[in-house]
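A.B. asks: only the shape, not the letters, is given here:
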C-alpha cells in the first residue's frame, strides 16, 4: 500500500528565517509551540543532535473519540542542517498509529518574512483519512507559526 504524503506551509510576516529557526532547532521544545501538546521531554541524546529522542504526549487529534486515552509518540531526530535551516525526524513509537512516519521541516526566507514548510509521509493510519492528517499538521503549524511570530515580536 502506498504511503500517504502531505505538506503544510505557514507564512510568518515580519520575522526573518534566522529568527524563527532557533525555535524549531530546539527539538525538545516543541511543546512551547505545538497546540494541545502538554509534554515534550528528552528521552535520549542532546536536543538538536541527530539521534536524540523526544517523548511527546497530551496532544489532541482530529479523530480523538476518547479523551481518557492520552496520545503519545516518541520522535527521533534523523538529520539537521543548520545552514539550510532544515531537519528530519521519525516517529519511532507511540499509540496514534503513525507507522513509517517521517517528516522534514524547513524554514525558507521570504520577502518581508519567512515560511515554514512541513512535509510528511506515513503508512495509511487506521481510523484516519489523509484529510485528517493534513488538517492536524496544517492547523498545528499555523498555530506554531503565530506563536513563534508573537515570540519574535514580544
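C.D. replies: On my side now, so go ahead. Bear in mind the structure is a predicted one, so any value in this text is a computation, not a measurement.
A.B. asks: OK, contacts around residue 57?
C.D. replies: By CB atoms under 8 Å, 6 or more residues apart in numbering, the residues touching residue 57 are 37-39, 70-73. Heads up, the C-betas are built off the backbone N, CA and C, glycines and all.
A.B. asks: return the subset of those lying in strands.
C.D. replies: 39, 72-73 (DSSP state E).
A.B. asks: any quick ChimeraX command for the buried ones out of these?
C.D. replies: The buried residues among the ones in strands among the contacts of residue 57 can be selected in ChimeraX (16 or more other CB atoms under 10 Å) with this line:
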select :72,73
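A.B. asks: circling back: I'd like the contacts of residue 57 as a markdown table, with distance to residue 21 and pLDDT appended.
C.D. replies: Shown next, in a markdown table, are those (distance: CB to CB, whole Å; pLDDT from 0 to 100):
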| residue | distance to residue 21 | pLDDT |
| --- | --- | --- |
| 37 | 20 | 84 |
| 38 | 25 | 86 |
| 39 | 23 | 90 |
| 70 | 30 | 80 |
| 71 | 27 | 85 |
| 72 | 27 | 91 |
| 73 | 23 | 94 |
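A.B. asks: in those, find the pair that's most separated.
C.D. replies: Of all pairs drawn from those, the greatest distance, 12.7 Å, lies between 38 and 73 (CB to CB).
A.B. asks: so residue 79 touches residue 50, yeah?
C.D. replies: Yes: judged on CB atoms under 8 Å, residue 79 makes contact with residue 50 at a distance of 5.6 Å.
A.B. asks: quick one: which of the two has more around it?
C.D. replies: residue 50 (15 against 11; other CB atoms under 10 Å).
A.B. asks: spit out the contact partners of the more buried one.
C.D. replies: Contacts for residue 50 (CB under 8 Å, 6+ apart) come out as 77-80.
A.B. asks: among these, which one lies nearest to residue 101?
C.D. replies: Set against residue 101, the nearest of those by CB to CB is residue 78 (11.3 Å).
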